[in-house]
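Participant: Could you work out the structure for the sequence below:
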Amino acid sequence: MKKEKPQYGTAACLRYFFGKAREYCPETLALLFFQIVFNVSSAVFGFYMSPMILSRLENHSSARELLLTAAFFIGGCFVSDALVSYIGNGKGGGGVKGCYQIELRLRIMRELSDKLASTSYCHCLDNQYLRAGQRAFMACSSNNSAAEGTWHTLQELMVNVVMFGFFTAMLTHIHPLVFAVTMVLSLMDFVVSGYIHRYNYRHREELSHIDRQTGYLIGLPGQLSVAKDIRLFGLGSWIMRLTDKAFAASQAYARREHMFYLIGTGFSVIIELLRSGAVLFILLRMCMESGMSAAEFMLYFSAVNSFSGRLNGILNNLRDLKDKCLDFSCMLEFLNYPEPYRFAGGEPVPADYTYEIRLENVSYTYPESDKKIIDRLNLTIRRGEKVAIVGLNGAGKTTLIKLVTGLLDPDEGRVLLNGADIRKFNRGEYYKLFSAVFQHFNLFDITVAETVAQSATNIDVARVRDCLEKAGLTKTVQDLPNGIDTHLGREVYLDGVVLSGGQTQRLMLARALYKNGAVLVLDEPTAALDPLAERDMYEKYSAMAEGKTSFFISHRLASTQFCDRILFLKDGRIAEEGSHESLLRLGKEYAGLFQVQARYYQEDYGKEEAV
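Facilitator: This is a model prediction of the structure:
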């Protein structure tokens, strides 16, 4: 499989990262500088402390001089470490700098959320866009992710570079062979260690599959949506067998990983022994030939080990930084993902009470599909006209509404508002024209009032109550624990309530009434209602649609009689068109479907009478 080249390079990613730091948390940059300085000073004090004390002992220095030397280096280490701890070690949320790091990560996450919430609807159907969004959010999902962990990597890299230069100068001063042996064997150790520690990365697809499968099966029994199925169909034991199988796969992977790490670590230990043995031989020979003191021997041998550690640290930091920049590249690709709709700079929507909407030779095909859901369709909806759209499943009814409302743009043809192509309008302003009640909807875990007003501030309470009254929900809401301030759903609030399907659809009607858009869209709005409640809702919809351009989608053909015109869709085209009575007289597919539904209701009613 060919490795995908990132769209943004390391330099561009770091410019973005530091640019966001300057924009949101400029204090972080100054704290990073001091963090590097104090980490270097701590390392230098720690490196010289033991050899200097040993040197004083070898020179038979006085007790006072020995104590002062020890106090100086111990004090230097203590002060440096204390300041590093106060600023933060660069990882997680510890220290002053950690607070700014978290703030920066959350700010970046907010930008990603804004992009996701405001993006063109067509992107929600684009798997490539959705995968880009997942990768982008993973880059700021935790303290160790790129949006925060990069600080720790940069801090370690800078400290390692400074100390590497320090130890390089020292080793080349001792003996060129010491430097050469240490460099070669350290690079070998880095290659072996890197190969070992990237085992999970090389097997990330397998590991990700195991983790997803295990996580899904563990959480499945606790999901309310499947609780009835598990109990009524006796699925508990079957789910546990699948869970055991997933656990076995996870354990088998862990054993393979452990064995690989064990063998690889053995090779690293051998390389470390070769390096230490070679350097020890050279230094001992220098001791015998030049009379090197014990303090100098300790200093130089420690320098060799530190040199190797710093070199490995630099190479690991650079690799880690590259990985984090790949994550930043995913973030930048997502944030700069091209928007096909005009949300900024588009023309304002003309102000009017009612609108004419026209579709000219419109076709649409969903991504990763070859079938045209809407095929060269032409349609004009006159001002204030109430139009019903009916047809069998897959005829293109909901897709047609998505094209009218601007959620989707046609592949071919145009959608016109009062004669103007909607693609030139500001899409956000265009959306404000529509009050919609869809068959499939989601309730947020917010209050009843916030649901109706779709806002957390500046809620017109009197208007909310009026809309609830018109939707037939006043009594239901009054019986709730806190009235219109009652929370809906139980994922966020423990005191939340769960409404029935019919109550929820009435709540969606109240929301549409509150918005009071110029164009009304009703997509299967009575699917969860009984026949009596359905009739009551039809009457409310008819009153609500009075004088407005309106679209009404339904499988129940009897519900379309209050509309001015009925469109029968088949294979993405208008197969029949006219009033309810004219289509019945026509005697084609609409009439046949209506008779089937009418017979069903008559038979059902007859059974009830017999009982």
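Participant: Low-confidence bits of the chain, can you list those?
Facilitator: In the predicted model of the chain, residues 1-6, 89-94, 194, 197, 200-201, 224, 526-535, 558, 600-611 satisfy pLDDT under 70.
Participant: domain assignment for the chain?
Facilitator: 10-335, 357-443+499-586 (automatic domain parsing).
Participant: Tabulate those domains (TSV), appending distance to residue 489.
Facilitator: Where C-beta positions appear, they are placed from N, C-alpha and C, glycine not excepted. As requested, those are exported to TSV (distance: least, C-beta to C-beta, whole Å):
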stretch	distance to residue 489
domain 10-335	11
domain 357-443+499-586	6
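Participant: Out of those, which is closest to residue 453?
Facilitator: Ranking those by distance to residue 453, with C-beta to C-beta as the measure, places domain 357-443+499-586 first at 5.8 Å.
Participant: Start and end of that closest one, how far apart?
Facilitator: In terms of C-alpha to C-alpha, to the nearest Å, the two terminal residues of domain 357-443+499-586 are separated by 27 Å.
Participant: so how far is that domain from its chain's centroid?
Facilitator: Using C-alpha atoms, centre = their mean, to the nearest Å, we find the averaged C-alpha position of domain 357-443+499-586 to lie 31 Å away from the chain's own average C-alpha position.
Participant: Can you report how many residues neighbour residue 276?
Facilitator: Burial of residue 276 is recorded as 16 neighbouring residues (other C-beta atoms under 10 Å).
Participant: oh, and call the first residue 459 from now on, that's how I've got it
Facilitator: With 459 as the first residue, the last one maps to residue 734.
Participant: so it is in which element?
Facilitator: Here residue 734, judged by DSSP states H and E, is contained in helix 694-748.
Participant: From the contact counts, what lies against that helix?
Facilitator: Counting contacts by 3 or more C-beta pairs under 8 Å, 6 or more residues apart in numbering; DSSP states H and E, the secondary-structure elements packed against helix 694-748 are helix 634-655, helix 657-660, helix 662-677, helix 752-793.
Participant: circling back: point out the most buried one among the domains of the chain.
Facilitator: domain 815-901+957-1044 (a mean of 18; mean count of other C-beta atoms under 10 Å).
Participant: related to what we said a few turns ago, now the helices and strands packed on helix 694-748 as TSV including distance to residue 962?
Facilitator: Compiled in TSV, the helices and strands packed on helix 694-748 are given as follows (distance: least, C-beta to C-beta, whole Å):
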stretch	distance to residue 962
helix 634-655	51
helix 657-660	44
helix 662-677	25
helix 752-793	33
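Participant: For the most centrally placed residue in the chain, which residues are in contact?
Facilitator: Closest residue to the average C-alpha location of the chain: residue 595 at 4.0 Å, with C-alpha atoms, centre = their mean. Contacts of residue 595 were listed using C-beta atoms under 8 Å, 6 or more residues apart in numbering, and they are 567, 570.
Participant: do that again at 10 Å, thanks
Facilitator: With contacts defined as C-beta atoms under 10 Å, 6 or more residues apart in numbering, the neighbours of residue 595 are 567, 570-571, 574, 603, 605, 788-789, 792.
Participant: what does residue 775 give?
Facilitator: Contacts of residue 775 were listed using C-beta under 10 Å, 6+ apart, and they are 610-619.
Participant: Can you tell me which of those is closest to residue 530?
Facilitator: For residue 530, the nearest member of the contacts of residue 775 is residue 617. The distance, counting by C-beta to C-beta, is 21.7 Å.
Participant: about what we covered before: starting at the chain centroid, how far to the helix holding residue 734?
Facilitator: With C-alpha atoms, centre = their mean as the basis, the distance from the averaged C-alpha position of helix 694-748 to the chain average is 34 Å.
Participant: right, so of the helices and strands packed on helix 694-748, which gets closest to residue 502?
Facilitator: From those, taking C-beta to C-beta, the stretch that ends up closest is helix 752-793, at 10.6 Å.
Participant: Next, residue 903: phi, psi?
Facilitator: The phi/psi pair for residue 903 (degrees, to the nearest 10) reads phi -80, psi 70.
Participant: that older thread, going by distance to residue 663, which of the contacts of residue 595 wins?
Facilitator: For residue 663, the closest of these turns out to be residue 788, at 16.8 Å, with distances computed as C-beta to C-beta.
Participant: so which strand or helix has the nearest residue to that closest one once chain neighbours are set aside?
Facilitator: Excluding its sequence neighbours, the residue lying closest to residue 788 (C-beta to C-beta, 6 or more residues apart in numbering) is residue 593, at 3.9 Å. Using DSSP H and E, residue 593 maps to helix 585-596.
Participant: would you list the contacts of residue 775 in CSV and tack on secondary structure and distance to residue 713?
Facilitator: What follows is the contacts of residue 775, written out as CSV (DSSP: H, G, I helix; E, B strand; the rest coil; distance: C-beta to C-beta, whole Å):
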residue, secondary structure, distance to residue 713
610, helix, 31
611, helix, 31
612, helix, 36
613, helix, 36
614, helix, 32
615, helix, 35
616, helix, 39
617, helix, 37
618, helix, 34
619, helix, 39
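Participant: which of these sit farthest apart?
Facilitator: In terms of C-beta to C-beta, these reach their longest pairwise distance at 610 and 619, which sit 15.0 Å apart.
Participant: Turn the contacts of residue 775 into CSV, including distance to residue 956.
Facilitator: Output for the contacts of residue 775, formatted as CSV (distance: C-beta to C-beta, whole Å):
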residue, distance to residue 956
610, 44
611, 46
612, 48
613, 49
614, 50
615, 52
616, 54
617, 55
618, 56
619, 58
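Participant: Double-check that residue 600 belongs to a helix.
Facilitator: No - according to DSSP: H, G, I helix; E, B strand; the rest coil, the state of residue 600 is coil, so it is not within a helix.
Participant: distance of the closest residue to it other than its chain neighbours from residue 592?
Facilitator: Taking C-beta to C-beta, 6+ apart as the measure, residue 600 lies nearest to residue 606, with 7.6 Å between them; neighbours along the chain are not counted. With the distance defined as C-beta to C-beta, to the nearest Å, residue 606 ends up 18 Å from residue 592.
Participant: Could you do residue 699 as well?
Facilitator: When residue 699 is compared with residue 592 (using C-beta to C-beta), they lie 30 Å apart.
Participant: hang on, residue 1004 packs against residue 997?
Facilitator: No - judged on C-beta atoms under 10 Å, residue 1004 makes no contact with residue 997 at a distance of 11.4 Å.
Participant: The residue lying closest to residue 1046 once chain neighbours are set aside: what secondary structure?
Facilitator: Of all residues beyond its chain neighbours, the one nearest residue 1046 is residue 1034 (5.8 Å), with distances taken as C-beta to C-beta, 6+ apart. Put simply, residue 1034 is strand when judged by three-state DSSP.
Participant: same deal with residue 979?
Facilitator: strand.
Participant: likewise residue 853?
Facilitator: Secondary structure, three-state DSSP: residue 853 is coil.
Participant: how close does it sit to residue 974?
Facilitator: Distance, residue 853 to residue 974, by C-beta to C-beta: 30 Å.
Participant: So which residues of the stretch 859-1008 of the chain form strands?
Facilitator: Taking DSSP state E, counting those that start in this stretch to define them, one finds strands in the stretch 859-1008 of the chain at 870-875, 878-879, 892-895, 977-981, 1007-1011.
Participant: and residue 939, which of the ones you listed is closest to it?
Facilitator: Proximity of these to residue 939 was assessed by C-beta to C-beta; the nearest stretch is strand 892-895, lying at 26.0 Å.
Participant: ok, residues contacting the closest one?
Facilitator: Around strand 892-895, the neighbours that count as contacts under C-beta under 10 Å, 6+ apart are 859, 862-865, 963-984, 995, 999, 1002-1003, 1006-1010.
Participant: Apply 6 Å and report the result again.
Facilitator: Defining contact as C-beta atoms under 6 Å, 6 or more residues apart in numbering, one finds that strand 892-895 is touched by 863, 966-967, 970, 973, 975, 977-980, 983.
Participant: Can you list the strands that it pairs with?
Facilitator: The pairing partners recorded for strand 892-895 under DSSP bridges are strand 977-981 (parallel).
Participant: The strand it pairs with vs strand 870-875, what angle?
Facilitator: For strand 977-981 against strand 870-875, the angle by axes from the mean of the first three to the mean of the last three C-alpha atoms, to 10 degrees is 120 degrees.
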